[in-house]
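Trainee: Give me a model of this one.
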Amino acid sequence: MRSGARIEAFLEMMSAERGAADNTLASYRRDLEDAAGHIGDLAGADPAAIRAYLGDIAARGFAPSSQARRLSALRQFYKFLYAEGLRPDDPTGTLDSPKKGRALPKIMSEAETGRLLDRAAAEAADASVGDSARIAARRMQALVEVLYATGLRVSELVGLPLTVALRDERFFIVRGKGSKERVVPLSAKAREAMRLWLVERGRVPAWAESLFLFPAASESGHLPRQVFARELKGLAARAGIAAAKISPHVLRHAFASHLLQNGADLRAVQQLLGHSDISTTQIYTHVLEERLVRLVNDHHPLAVDGH
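Mentor: Numbering: from 1, shown residues only. Alright, predicted model coming up:
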């Protein structure tokens, strides 16, 4: 069976047994045919030939993510050939995946975050608006204050139980990824925003029995994350901040970055964010590096005029 026929057999298996979508199958086909065009006998290729192919696509300027996708397609292909007894080994077993650079998170400055929170507070305090606008504004104020105070994931935020606000405590426990629990802080401003939101929430009879802090007539029973993200962009625009620059995740990053800029320990931020591995938190090391440079420039006896 030639390589072309084996590629077809692989794609048939992915469709019939794995239920792969048409787009996925087309992507596999393109990647495998490109590799076959470079290697020749793709089905019989050895590790050196595959390594040379990966070097070629790197030289062609493919991003590490694209290189990794090509290697993943080859791994699946050779795993299939091995399982079917069409070759005695997997030549990709000793190959390392291309290193993917971790993108730096979008960051809001403390001044921009302050403008966003001030705008939310001003809209919530506007007595000239109708009931529905007032309720929406109070909810938004509570959402952004709690998000910036805690660094919660957006799914954790919109799904908060009502008991978090009823207790009015400086800390609460949140259940995050993998059902892992962690303790997160609540600032005085966040607790006050939640208290004001509870007043508005209590005026809506349909929400009286809900166990969620931010109830909604949705399948989940709470405010959908997409609705919050859309309304947050609207708030940002009204605060003079580009809507493209902000999302709930950006506010979570702002929480972490501003803590580090003001002297927090990376391990502590890891715990507050709920990262199981500190390597995930290390996307913020650029913030620490800036702080250390500033520390040396400002305080080292050999630093001259701050340089």
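
Trainee: Break down the stretch 1-150 of the chain into its helices, ranges please.
Mentor: 3-16, 22-39, 47-59, 64-83, 110-124, 131-150 (DSSP state H, counting those that start in this stretch).

Trainee: for the third one, packing partners?
Mentor: If you count contacts as 3 or more Cβ pairs under 8 Å, 6 or more residues apart in numbering; DSSP states H and E, helix 47-59 packs onto helix 22-39, helix 64-83. No exception for glycine: its C-beta is placed from N, CA and C like everyone else's.

Trainee: Out of the ones you listed, which one sits most buried?
Mentor: helix 64-83 (a mean of 18; mean count of other Cβ atoms under 10 Å).

Trainee: send the alpha carbons of that helix over as PDB?
Mentor: Extracted C-alpha coordinates of helix 64-83, given in PDB (Å, rounded to 0.1, in the frame of the first residue of the first chain):
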ATOM      1  CA  PRO A  64       5.900  27.000  16.300                       C
ATOM      2  CA  SER A  65       2.200  26.400  16.700                       C
ATOM      3  CA  SER A  66       1.900  25.400  13.100                       C
ATOM      4  CA  GLN A  67       5.000  23.200  13.300                       C
ATOM      5  CA  ALA A  68       3.500  21.500  16.400                       C
ATOM      6  CA  ARG A  69       0.200  20.900  14.500                       C
ATOM      7  CA  ARG A  70       2.100  19.200  11.600                       C
ATOM      8  CA  LEU A  71       4.000  17.000  14.000                       C
ATOM      9  CA  SER A  72       0.700  16.100  15.800                       C
ATOM     10  CA  ALA A  73      -0.800  15.000  12.500                       C
ATOM     11  CA  LEU A  74       2.300  12.800  11.800                       C
ATOM     12  CA  ARG A  75       2.000  11.300  15.300                       C
ATOM     13  CA  GLN A  76      -1.600  10.400  14.700                       C
ATOM     14  CA  PHE A  77      -0.800   8.900  11.300                       C
ATOM     15  CA  TYR A  78       2.100   6.700  12.500                       C
ATOM     16  CA  LYS A  79       0.100   5.700  15.600                       C
ATOM     17  CA  PHE A  80      -2.600   4.400  13.100                       C
ATOM     18  CA  LEU A  81       0.000   2.600  11.000                       C
ATOM     19  CA  TYR A  82       1.500   0.900  14.100                       C
ATOM     20  CA  ALA A  83      -1.900  -0.100  15.400                       C
END
